[in-house]
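Chemist: need a 3D model of the sequence below.
(2 chains)
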Protein chains: 2
Amino acid sequence: MDRKVEIESYLNERRQLVETALAAALPPAEGPFHHHFEAMRYSLLVGGKRLRPILCLAAGEAVADSCRCHDTLLPVACALECIHTYSLIHDDLPAMDNDDLRRGKPTNHILFGEAGAILAGDGLLTWAFELLSRPSVSTGGYQLSDGRRLAIIHSIARAAGSQGMVGGQALDIATENSTFPFSVLETIHRSKTGALITASLHVGAIGAGASTEQTGQLLAYGEKLGLAFQIVDDLLNATSTTEALGKAAGSDSQRGKATYPAFFGVEQTRRLARQAVDEAITALAGFDQRAEPLRALAEYVFTRSH
Amino acid sequence: MDRKVEIESYLNERRQLVETALAAALPPAEGPFHHHFEAMRYSLLVGGKRLRPILCLAAGEAVADSCRCHDTLLPVACALECIHTYSLIHDDLPAMDNDDLRRGKPTNHILFGEAGAILAGDGLLTWAFELLSRPSVSTGGYQLSDGRRLAIIHSIARAAGSQGMVGGQALDIATENSTFPFSVLETIHRSKTGALITASLHVGAIGAGASTEQTGQLLAYGEKLGLAFQIVDDLLNATSTTEALGKAAGSDSQRGKATYPAFFGVEQTRRLARQAVDEAITALAGFDQRAEPLRALAEYVFTRSH
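Modeler: Residues are numbered from 1 along each chain as shown, chains lettered A, B, ... in the order given. Modelled structure (predicted):
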């Protein structure tokens, strides 16, 4: 079995684990708040790569047996996806990127209205912290100490918040149609996309009981992977089609957003993506074959077409 | 000194404590995300009754020495106000209640635009959990165990989320201009306003080390106080002026929102508010004079004019 087949099969298996956990992580759309839960469930369960949850599981697997860490990490993985999904719902709003399509399906506000979409996002963000602080999180096969659970909550709150994802989105919007140095683009990418990707690795490491050294290496991997992911995203937005992406292609340049291709051109951007992937893989040099999925994931980010 | 003067002076002192803590709880509007932090700081520091933080402190004071519990509870109190402020920013958005005025000042989206206001709200909500999970929360005069901190996070996440405040707001909006039974109004009030008020008492109790019995009594007080608060709010919206309220008066009936006065008329509504206040005070029968501020606060909610 070649490497590409192996990673596809790994991703499918982990994605299935995550999908099952996600479907159970939110209550069914019943009772007085059924409209609201329907809106949350729609965007959470409409599909997606589940990259952040899988990175969290894969980081745990790199330092501990998978059967020992999955029980502990699945609620954490679900929380990460709740936060990622909320950010997509809010980013797609008319007041933000005004996108009608996401993953080839109507965006949340198209189906549930603007107010419904704002609240679905608010609900998913808050639900993430409810999941992370829920007493039953610690009843898995591997007992997670209260201190580690607090560290996980703190890592995710920092990455998702105003000096991370939310701050990056605010800066992205504030700088639309303006000229700024490359360092600002780096800040936008690191905060808007990179922070939560890096946190996914970080909380996987914390949950699986990684050493300080292992945690540092996984964080270094996460930073380079996040960078590679965003560079490839810029590249796809510039070069792919709306059909292949499942969302509007070419929208970055239409909105006057600065991107890697705008700064460096397509060819040099592709080289920079390759370099970030190589550096991500190098960061894992101290790990044995249990980190193979993380190495393959870095290659996968580089070659993905949507 | 009569009771009214005493409670006013108590509220002023606690409000000052909270204002000082809030100003320090968010970083200054500097660095790459300064626009975003400016938007968050504006709404967080524009003023307000600070009811939820004060309830949290007062619950702690009812079971422990105030000097012992303030250090521990002030970050928790700030987190509650961050969440309350985010909910106001999002509720005021054009897609929701479309209010231009709040506390007599322009609402967040009037000053920072819709995207800026959505993100300021998202940022404040996330910041609350960052504050609650921050390692330094436990370095106060009274050491808070990791288990208690997790219980506080869980209580707040539940109250603020989809089966609490966010769910209540979603239901409130979904039922505008429609006819529904009184039980639905009760659900809206209990979730949209009551849940976070009750949680403010709950986390104050947890933080101060209340017994199970004390916690139960503070929760019962919180539920009745939350109900009284919302009934009075409905009453003020129906009978006061925009100038006195600092926000649009009469907006509930304009929007076709069901309210207590719409169901029961003004006189009967006032009696129901009085009854809820009496029941709140009765719930504290087991407490000594240290619960006096909570009793006075219940009276204060009944008599407040804005």
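Chemist: spatially nearest residue to residue A:170 (excluding sequence neighbours)?
Modeler: Excluding the flanking residues, the one nearest residue A:170 by Cβ to Cβ, 6 or more residues apart in numbering or on different chains is residue B:36, at 3.8 Å. To be clear about C-beta, it is placed using only N, CA and C from the backbone, and glycine gets the same treatment.
Chemist: what is the burial count for the one you found?
Modeler: Other residues near residue B:36 come to 27 when the count uses other Cβ atoms under 10 Å in any protein chain shown.
Chemist: just residue A:216 next, same as before
Modeler: When neighbours are counted by other Cβ under 10 Å, residue A:216 registers 14.
Chemist: so it is in which element?
Modeler: Assigned by DSSP states H and E, residue A:216 belongs to helix A:212-239.
Chemist: likewise for residue A:15?
Modeler: Going by DSSP H and E, residue A:15 is in helix A:3-25.
Chemist: could you name the helices and strands sitting against that helix?
Modeler: With contacts taken as 3 or more Cβ pairs under 8 Å, 6 or more residues apart in numbering or on different chains; DSSP states H and E, helix A:3-25 sits against helix A:34-45, helix A:51-63, helix A:66-92, helix A:292-303.
Chemist: so which of the ones you listed is the most packed in?
Modeler: The highest average neighbour count among the helices and strands packed on helix A:3-25, using mean count of other Cβ atoms under 10 Å in any protein chain shown, belongs to helix A:51-63 at a mean of 27.
Chemist: how far does that helix sit from the chain's center?
Modeler: Relative to the centre of its chain, helix A:51-63 is centred 12 Å away, using Cα atoms, centre = their mean, to the nearest Å.
Chemist: can you tell me which helices and strands it packs against?
Modeler: helix A:3-25, helix A:66-92, helix A:195-208, helix A:212-239, helix A:292-303.
Chemist: and the closest residue to residue A:6 other than its chain neighbours, what's its pLDDT?
Modeler: Nearest in space to residue A:6, with sequence neighbours left out and distances taken as Cβ to Cβ, 6+ apart, is residue A:296 at 6.9 Å. On pLDDT, residue A:296 comes in at 95.
Chemist: could you verify my assumption that residue A:296 touches residue A:10?
Modeler: Yes: taking Cβ atoms under 8 Å as the definition, residue A:296 is a contact partner of residue A:10 at 7.1 Å.
Chemist: follow-up on the earlier one: the residue nearest to residue A:170 against residue B:117, yeah?
Modeler: No: at 10.8 Å, residue B:36 does not count as touching residue B:117 under the criterion of Cβ under 8 Å.
Chemist: output the below-cut-off pLDDT ranges for the stretch 151-300 of chain A.
Modeler: Scanning the stretch 151-300 of chain A for pLDDT under 70 picks out the ranges A:241-250.
Chemist: near chain B, which residues of it?
Modeler: A:151, A:153-154, A:157-158, A:160-163, A:166-167, A:169-171, A:173-174, A:184, A:187, A:191 (Cβ under 8 Å from any Cβ of the partner chain).
Chemist: picking that back up, and the helices and strands packed on helix A:3-25: which comes nearest residue A:222?
Modeler: Among the helices and strands packed on helix A:3-25, the nearest to residue A:222 by Cβ to Cβ is helix A:51-63 (7.4 Å).
Chemist: now the closest one - C-alpha only, CSV.
Modeler: Output in CSV follows, covering the C-alpha atoms of helix A:51-63 (Å, rounded to 0.1, in the frame of the first residue of the first chain):
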residue,chain,number,x,y,z
LEU,A,51,-8.5,18.7,9.9
ARG,A,52,-8.3,20.2,13.4
PRO,A,53,-9.9,17.2,15.2
ILE,A,54,-7.7,14.8,13.2
LEU,A,55,-4.6,16.8,14.1
CYS,A,56,-5.5,16.6,17.7
LEU,A,57,-6.0,12.8,17.6
ALA,A,58,-2.8,12.4,15.5
ALA,A,59,-0.8,14.4,18.0
GLY,A,60,-2.0,12.2,20.8
GLU,A,61,-1.2,9.1,18.8
ALA,A,62,2.3,10.3,18.2
VAL,A,63,3.0,10.1,22.0
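Chemist: nearest spatial neighbour of residue A:272, skipping sequence neighbours?
Modeler: Nearest to residue A:272 is residue A:231, by Cβ to Cβ, 6+ apart, at 5.7 Å.
Chemist: ok, the one you found touching residue A:275?
Modeler: No: using Cβ under 8 Å, residue A:231 makes no contact with residue A:275, being 9.3 Å away.
Chemist: which one's more surrounded, these two?
Modeler: Neighbour count, other Cβ under 10 Å: between residue A:231 and residue A:275, residue A:231 has more, with 26 against 14.
Chemist: show me the contacts for that one.
Modeler: By Cβ atoms under 8 Å, 6 or more residues apart in numbering or on different chains, residue A:231 lies in contact with A:189, A:260, A:269, A:272, A:273, A:276.
Chemist: ok, the first one - contacts?
Modeler: Right, the one you point to is residue A:189. Applying Cβ under 8 Å, 6+ apart, we find residue A:189 in contact with A:168, A:226, A:227, A:230, A:231.
Chemist: ok, the last one next?
Modeler: For residue A:276, the contact set (Cβ under 8 Å, 6+ apart) comprises A:224, A:225, A:227, A:228, A:231.
Chemist: mind running it again at 10 Å?
Modeler: A:223-232, A:298, A:301-302 (Cβ atoms under 10 Å, 6 or more residues apart in numbering or on different chains).
Chemist: kindly report the same for the fourth one.
Modeler: Counting by Cβ under 10 Å, 6+ apart, residue A:272 makes contact with A:227, A:228, A:231, A:235, A:260, A:263, A:264.
Chemist: pull out the buried residues from those.
Modeler: Listed as buried from the contacts of residue A:272 are A:227, A:228, A:231, A:235, A:260, A:264; burial here means 16 or more other Cβ atoms under 10 Å in any protein chain shown.
Chemist: quick one: pLDDT of the residue nearest to residue A:143 when sequence neighbours are not counted?
Modeler: Once flanking residues are discounted, residue A:143 sits nearest to residue A:72: 8.0 Å by Cβ to Cβ, 6+ apart. Predicted confidence (pLDDT) for residue A:72: 91.
Chemist: might one say that residue A:72 is in contact with residue A:148?
Modeler: Yes: Residue A:72 is in contact with residue A:148 according to Cβ atoms under 10 Å; the separation is 9.1 Å.
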